[in-house]
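**Student:** Sequence and predicted structure below; questions after.
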Amino acid sequence: MKILFVHQNFPGQFKHLFRYCQNRGDEVVALGERQENVTSVAPELVRYAPTRGNTPGIHPWAQEFESKIIRGEAAAAAAQQLKESGFEPDVILAHPGWGETLLLKAVYPNAKLVCIMEYFYRPVGLDMGFDPEFARPGLEEQARLLGKNANLLLAMEAMDYGVSPTPFQASTMPAWIESKLRVIHEGVDTTLCKPDAKAEITLPDRGVSVHSGDEVLTFVVRNLEPVRGYHIFMRALPEIMARRPSLKVFIVGGDGVSYGSRPDSGSYRTRYLAEVAARLDSQRVFFLGKVPHSVFVRLMQVTRCHVYLTYPFVLGWSMLEAMSCGALVVGSRTAPVTDVIEDGRNGLLVDFFDIEGLAAKVCDVLENPVRFGPLRQLARQTVLERFDLETVSLPAYAQLLEECEISL
C-alpha cells in the first residue's frame, strides 16, 4: 500500500505508525512544513513552505482561516509535485489542524483520507469558559474559534475516516460524522515507559539526587499554563510542602502557551510562582523547564506522586506514560482524565478547583506509598490493556488501513 503522512510538525502523532507501516513493507512518504533549524527526520520526508503571509489589513476574524488556506495551498502544491513525480497514495493519514488537508482530495481524489480529529471547539461547555478565574469568551474569541472550526469542518467533510484518541475527544465532534469516526489512541511504548526501581535523577548544579522510593512529587506539562492546571497546583503546593518537610518537587514545562490565552505580561510560571513564593521552601522546588523524553521517563519512575490536571480538553501523552511507568497519578475529575482513571482503582481524582482536596490527596499518597502500591500496578495494567502501542494501537490502525484498502 502507498501511504502519505501529513503533519505540520511531522512526525507528531505519526511517530510510531510511520515506522510500523514502513517496516511492514508499505511505500510511505511524509509531508511536513519546512522550518528553520529542523533537520529531516526521515529520508521520505518532503517539506512544504508557505509562499506568503497573511493579507495586510485582513479582517482579524478571517485571519485564522486564511492562515489555514495558505498552508493548505502550500501542502497541495507539494502534493502535486509528488504526484507528478509518480507517487499516488492509496491512503492519506493527516492531521488537519493547520490546514494541510484542505486541498489534498483535489490533488488525490481517489485516495482514502484519514484525519486525526483531536478536538472540536465549542464557545461554552468544554474548555472555553470552564475556569471562572478567566473571562468567558467574548465575540472576538468566539469568532476565532469559528475560524478553527471552519477548517476542521471542511476536513470532516472531505475525510473518509476520522480518528480520535479518547472517547471524550470523539464526543466533541459533530454527530453527523459519527459513522466515520474511530477511537484509536496513538499508543504508549510500554517497553520504554515502565517501572524501574533503580531509576534516579541527579541535578549536580542544585546539589540534589533522588531515587525511586524517595519522597518526590512531580508536575509535567508542555507549557505551564492554566489549561493544564498549573495555577491550581501551585496554590496547593505550600500546604503540601508544609505538611511534608522532606518532600522534593520537580516541575517540568516551558514558559510559553500551548493552549488558551496568553498572559498580559510575563509568563504564567512566574505569575503563579510569585503568588505563593513567600510560602514555599525554594530549596526543595526544582523547575526543570522542558526536558528530554528520557529525563521525563526517569522522573515518572522515581516519583511517589504525579499530579495531572486539565480543563475538559485533549489528553496529554504524559499522563498515560506516567501511568505506564507505574506512577500514582492524582488527576482532575475532568474529561478526558475520567476516560482513563477510576478513582481509587488505578489512580485518584479530585475536583479541578479543589485546592485543599488536592493537597490532602497528594499528602496521603506521599505519606502512604505502600498502601497505594496496588493502584500503581493497576495504572500500568490499564495502559497495557487499553493503550499499548504494539498490542492495541498499531493493530487498530492496521485494521483501519485494511478497511481503507477494501474500499478503494
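**Tutor:** It's in.
**Student:** And the helices in the stretch 151-300 of the chain, which stretches?
**Tutor:** Per DSSP state H, counting those that start in this stretch, the stretch 151-300 of the chain carries helices over the ranges 167-171, 230-243, 268-276, 293-302.
**Student:** Tell me the helices and strands packed up against the shortest one.
**Tutor:** With contacts taken as 3 or more C-beta pairs under 8 Å, 6 or more residues apart in numbering; DSSP states H and E, helix 167-171 sits against strand 181-183. Any C-beta I mention is one placed from the backbone N, CA and C, and that applies to glycine too.
**Student:** how far is the strand it packs on from where the chain is centred?
**Tutor:** 17 Å (C-alpha atoms, centre = their mean, to the nearest Å).
**Student:** List the neighbouring strands of it plus their orientation.
**Tutor:** If you go by DSSP bridges, strand 181-183 pairs up with strand 161-164 (parallel).
**Student:** any chance of the helices of the stretch 151-300 of the chain in CSV, plus mean neighbour count, mean pLDDT and distance to Y121?
**Tutor:** Formatted as CSV, the helices of the stretch 151-300 of the chain follow (neighbours: other C-beta atoms under 10 Å; pLDDT from 0 to 100; distance: least, C-beta to C-beta, whole Å):
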stretch, mean neighbour count, mean pLDDT, distance to Y121
helix 167-171, 20, 97, 12
helix 230-243, 21, 98, 21
helix 268-276, 17, 97, 21
helix 293-302, 19, 97, 28
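**Student:** For those helices, give me JSON lines that also has distance to A359.
**Tutor:** Output for the helices of the stretch 151-300 of the chain, formatted as JSON lines (distance: least, C-beta to C-beta, whole Å):
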{"stretch": "helix 167-171", "distance to A359": "27"}
{"stretch": "helix 230-243", "distance to A359": "4"}
{"stretch": "helix 268-276", "distance to A359": "12"}
{"stretch": "helix 293-302", "distance to A359": "21"}
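**Student:** of these, which approaches V46 most closely?
**Tutor:** Checking the helices of the stretch 151-300 of the chain against V46 by C-beta to C-beta gives helix 293-302 as the closest, at 25.7 Å.
**Student:** all strands for the stretch 101-250 of the chain, in order.
**Tutor:** Using DSSP state E, counting those that start in this stretch, the strands of the stretch 101-250 of the chain run over 112-116, 161-164, 181-183, 200-203, 208-211, 216-223, 248-254.
**Student:** Format these as a markdown table; extra columns: mean pLDDT.
**Tutor:** Shown next, in a markdown table, are the strands of the stretch 101-250 of the chain (pLDDT from 0 to 100):
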| stretch | mean pLDDT |
| --- | --- |
| strand 112-116 | 98 |
| strand 161-164 | 98 |
| strand 181-183 | 97 |
| strand 200-203 | 92 |
| strand 208-211 | 92 |
| strand 216-223 | 97 |
| strand 248-254 | 97 |
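**Student:** Around G129, count how many other residues there are.
**Tutor:** For G129, the tally of surrounding residues (other C-beta atoms under 10 Å) stands at 16.
**Student:** Would you confirm that it contacts E141?
**Tutor:** No. When contacts are counted by C-beta atoms under 8 Å, G129 is not listed as touching E141 (9.7 Å).
**Student:** Check the contact lists of the two and give me the overlap.
**Tutor:** Counting by C-beta atoms under 8 Å, 6 or more residues apart in numbering, the shared contacts of G129 and E141 are P123.
**Student:** So which residue is smack in the middle of this protein?
**Tutor:** G316 (3.6 Å; C-alpha atoms, centre = their mean).
**Student:** Would you verify that H306 is located in a helix?
**Tutor:** No. Using DSSP: H, G, I helix; E, B strand; the rest coil, the secondary structure at H306 is strand, not a helix.
**Student:** List the beta-bridge partners for it.
**Tutor:** In beta-bridge terms (that is, DSSP bridges), H306 pairs with T218, V329.
**Student:** distance of it from H95?
**Tutor:** Plainly put, H306 is 27 Å away from H95 if you go by C-beta to C-beta, to the nearest Å.
**Student:** Please enumerate the strands of the stretch 301-408 of the chain.
**Tutor:** Secondary structure of the stretch 301-408 of the chain (DSSP E, counting those that start in this stretch): strands at 305-308, 329-332, 348-350.
**Student:** Which elements pack onto the second one?
**Tutor:** So that's strand 329-332. Judged by 3+ C-beta pairs under 8 Å, 6+ apart, strand 329-332 is in contact with strand 305-308, helix 317-324, strand 348-350, helix 355-367.
**Student:** returning to what we had before: the residue nearest to the centre of the chain contacts N223, correct?
**Tutor:** No. Between G316 and N223 there is no contact under C-beta under 8 Å: 11.0 Å.
**Student:** N9: neighbour count?
**Tutor:** The local packing of N9 (other C-beta under 10 Å) involves 13 other residues.
**Student:** pretty sure it contacts L31?
**Tutor:** No. N9 is beyond contact range of L31, at 11.6 Å (criterion: C-beta under 8 Å).
**Student:** What's the local residue count around the nearest residue in space to A158 that is not next to it in sequence?
**Tutor:** Nearest residue to A158 in three dimensions, chain neighbours excluded: K105, at 4.9 Å (C-beta to C-beta, 6 or more residues apart in numbering). K105: 19 surrounding residues under other C-beta under 10 Å.
**Student:** Now for K105: which residues touch it?
**Tutor:** The neighbours of K105, taking C-beta under 8 Å, 6+ apart as the test, are A111, L113, A158.
**Student:** Also R279?
**Tutor:** R279 neighbours (C-beta under 8 Å, 6+ apart): P238, A242.
**Student:** roughly how far apart are N151 and L358?
**Tutor:** The spacing between N151 and L358, counted by C-beta to C-beta, is 36 Å.
**Student:** between these two, who's got more neighbours?
**Tutor:** Set side by side, N151 and L358 show more neighbours around L358, with 27 against 23, by other C-beta under 10 Å.
**Student:** Report whether the expected contact of that one with L237 is present.
**Tutor:** No. Using C-beta under 8 Å as the test, L358 is too far from L237 to be in contact (9.5 Å).
**Student:** shared neighbours, the two?
**Tutor:** By C-beta under 8 Å, 6+ apart, no residue touches both L358 and L237.
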